[in-house]
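A.B. asks: sequence isn't available, so here's the structure alone:
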């Protein structure tokens, strides 16, 4: 299928699809006229990429899951690498939330002291 059809079937823009390809997350054959030709598996791959981006993973993190992108990641633990990455990312987010909470508490206390009440 050509890039327009893949965009239509996945809800991704053509620009996003070219970006995923540039980042090594998606591949296409080139026809004689230079057009991209994607196989049917590209639909699942793009859905997975968009789902992972939606959960807060970066392109670099998703690249670590390149071997898993052709599997349906939305139903159950089908890829051990994905589960480990989710755990690592969740730990990182939790640490950042705790640090932000501490900062908020210090700012609140400082404001109360300096504003007189």
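C.D. replies: Perfect, I can see it now. All of these numbers come straight from a predicted model, not from anything done at the bench.
A.B. asks: report the longest helix in the protein, please.
C.D. replies: In the chain, taking DSSP state H as the definition, the longest helix is helix 80-114.
A.B. asks: which helices and strands sit right next to it?
C.D. replies: Using 3 or more Cβ pairs under 8 Å, 6 or more residues apart in numbering; DSSP states H and E, no helix or strand is in contact with helix 80-114. All C-beta spots, glycine's among them, are computed from the backbone N, C-alpha and C.
A.B. asks: now with 10 Å, please.
C.D. replies: Applying 3 or more Cβ pairs under 10 Å, 6 or more residues apart in numbering; DSSP states H and E, one finds that helix 80-114 contacts helix 41-54, helix 59-63.
A.B. asks: so of those helices, which one's packed in deepest?
C.D. replies: Of all the helices and strands packed on helix 80-114, helix 41-54 carries the top mean neighbour count, a mean of 18, counting by mean count of other Cβ atoms under 10 Å.
A.B. asks: the inter-axis angle of it versus helix 80-114?
C.D. replies: Comparing the axes of helix 41-54 and helix 80-114 via axes from the mean of the first three to the mean of the last three Cα atoms, to 10 degrees yields an angle of 20 degrees.
A.B. asks: would a markdown table of the helices and strands packed on helix 80-114 with distance to residue 34 and mean pLDDT be doable?
C.D. replies: Shown next, in a markdown table, are the helices and strands packed on helix 80-114 (distance: least, Cβ to Cβ, whole Å; pLDDT from 0 to 100):
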| stretch | distance to residue 34 | mean pLDDT |
| --- | --- | --- |
| helix 41-54 | 18 | 95 |
| helix 59-63 | 25 | 94 |
